[in-house]
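Asker: one predicted model, sequence on top.
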Amino acid sequence: MEKNARIYVAGHRGMVGSALVRKLKAEGHDHILVRTSAELDLRNQAAVDDFFEQERPEYVFLAAAKVGGIHANNTYRAEFLYDNLILEANIIHAAYRAKVHKLLFLGSSCIYPKLAPQPLKEESLLTGLLEPTNEPYAIAKIAGIKLCEAYRDQYGCNFISAMPTNLYGPNDNYDLNNSHVLPALIRKFHAAKENGESTVEVWGTGSPLREFLHVDDLAEACYHLMVHYNEKLFVNIGSGEDLSIKALAEMIQGIVGFNGTISWNIDKPDGTPRKLMDVSRIHSFGWKHRIALQEGISAVYADYQSKALSELRAK
């Protein structure tokens, strides 16, 4: 990927997109194309076509998506399916029409069947039923993978796909109604500590096993794939290490310094029992994660505290 190449990062304000922009700038790329949702509605096919026609990007990182945790996925099922289907279809088709050199589509580990053998291998896609709580989002992401494969097969487009595990890092979403588990726990424990509360409620039993990857590691992996990977089969991106939600909660409790107790609300859903990615393929292509979970969460919490303090001073 040439240093002066025109590179479009769709979703540049999100956690993943902003990490990709940081990585591209660090690598010396100075022609990065970005648009806010107010400037370009990715659900509007004509607007997307016009953008690609005018800007002629040579490389595309498709990181734009409507995302959220179990509650958001299960509550806004229509929006999660429609918005993600339409925006990815618009961008992929426009990239084909504009003769983009290469496109990287980012999916999610939720594409895999609920009871697929662990760790999750790329070949397990579509071998069983999906987890019901996030089925619409998963279907949309599977459609994105298949769109990339179809445009490759029919038109010879160099469109590749990567499936990240659960992510965390700068610019994460801390809204308790639609965030993922890790940022939600940081916010809950921090608020409880600040308010002198004795208990923090966490959804589920604490038994599900989850894998987490710092978003800066993901950006490194995506850049590596954009430069070196040109095959049809999508690639898992993860740490290859998991832990229980209970262990995660206790780790965050310790990092935050909350001295109370954890109350498990077993009336709330656990979701998929385990989601550990098999990352042997991407390891074979020369990439491996660098940021340990304890180190990464500590850095994220320090950033969260700094922003919370800034917001308090601004009031």
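Answerer: Cool, the structure landed.
Asker: got a list of contacts for the least confident helix or strand in the chain by mean pLDDT?
Answerer: For the chain, using mean pLDDT, DSSP states H and E, the weakest element among its helices and strands is helix 70-75, scoring a mean of 74. Identification of contacts with helix 70-75 by C-beta atoms under 8 Å, 6 or more residues apart in numbering yields 80, 133, 134, 136, 137, 177, 178, 203, 269, 271. Every residue, glycine included, has its C-beta placed from N, CA and C.
Asker: mind listing which of those residues are in helices?
Answerer: 80, 136, 137 (DSSP state H).
Asker: got a PyMOL select line for the buried ones in these?
Answerer: Only the buried entries of the ones in helices among the contacts of helix 70-75 go into this PyMOL selection, using 16 or more other C-beta atoms under 10 Å:
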select buried, resi 80+136+137
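Asker: what's the closest of the ones in helices among the contacts of helix 70-75 to residue 103?
Answerer: residue 137 (20.4 Å; C-beta to C-beta).
Asker: what segments of the protein are strands?
Answerer: 7-10, 32-33, 59-62, 102-106, 159-164, 166-168, 199-203, 209-214, 235-237, 242-244, 261-265, 274-275 (DSSP state E).
Asker: average pLDDT for the fifth one?
Answerer: To tie it back to what came earlier, the one meant is strand 159-164. For strand 159-164, the mean pLDDT works out to 98.
Asker: for that strand, packing partners?
Answerer: strand 102-106, helix 135-155, helix 215-228, strand 235-237 (3 or more C-beta pairs under 8 Å, 6 or more residues apart in numbering; DSSP states H and E).
Asker: give the buried residues for it.
Answerer: Using 16+ other C-beta under 10 Å as the test for burial, strand 159-164 gives 159, 160, 161, 162, 163, 164.
Asker: and those residues as JSON lines, adding distance to residue 230?
Answerer: What follows is the buried residues of strand 159-164, written out as JSON lines (distance: C-beta to C-beta, whole Å):
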{"residue": "159", "distance to residue 230": "10"}
{"residue": "160", "distance to residue 230": "7"}
{"residue": "161", "distance to residue 230": "12"}
{"residue": "162", "distance to residue 230": "13"}
{"residue": "163", "distance to residue 230": "17"}
{"residue": "164", "distance to residue 230": "19"}
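Asker: of those, closest to residue 244?
Answerer: Among the buried residues of strand 159-164, and counting by C-beta to C-beta, the member closest to residue 244 is residue 164, at 20.3 Å.
Asker: so what's the closest one closest to, chain neighbours aside?
Answerer: Setting aside the residues directly before and after it, residue 164 is nearest to residue 237 in space (C-beta to C-beta, 6 or more residues apart in numbering), at 4.6 Å.
Asker: same question for residue 102.
Answerer: residue 158 (4.6 Å).
Asker: and for residue 279?
Answerer: Leaving out its chain neighbours, residue 279 is closest to residue 240 (C-beta to C-beta, 6+ apart), at 4.4 Å.
Asker: again, but for residue 130
Answerer: residue 138 (4.9 Å).
Asker: so the residue nearest to residue 102 makes contact with residue 103?
Answerer: Yes: the pair residue 158 / residue 103 is scored as a contact, 7.4 Å apart, by C-beta atoms under 8 Å.
Asker: out of the two, which sits in the busier spot?
Answerer: residue 103 (26 against 16; other C-beta atoms under 10 Å).
Asker: how much space between that one and residue 46?
Answerer: 20 Å (C-beta to C-beta, to the nearest Å).
Asker: ok so, going back, so which of the strands of the chain gets nearest residue 291?
Answerer: strand 209-214 (4.1 Å).
Asker: now the closest one: average pLDDT?
Answerer: On average, strand 209-214 scores 96.
Asker: give me the sheet partners of that strand and which way each runs.
Answerer: With DSSP bridges as the test, strand 209-214 is paired with strand 166-168 (parallel), strand 242-244 (antiparallel), strand 274-275 (parallel).
Asker: picking that back up, from the buried residues of strand 159-164, which single one is nearest residue 152?
Answerer: residue 159 (5.5 Å).
Asker: wait, doesn't the closest one sit right on residue 148?
Answerer: Yes: counting by C-beta under 8 Å, residue 159 touches residue 148, with 3.9 Å between them.
Asker: contacting residues for the nearest residue to residue 277 once chain neighbours are set aside?
Answerer: In this structure, residue 277 finds its nearest non-sequential neighbour in residue 238, 3.5 Å apart by C-beta to C-beta, 6+ apart. By C-beta under 8 Å, 6+ apart, the contact list for residue 238 reads 109, 164, 165, 211, 213, 276, 277, 279, 289.
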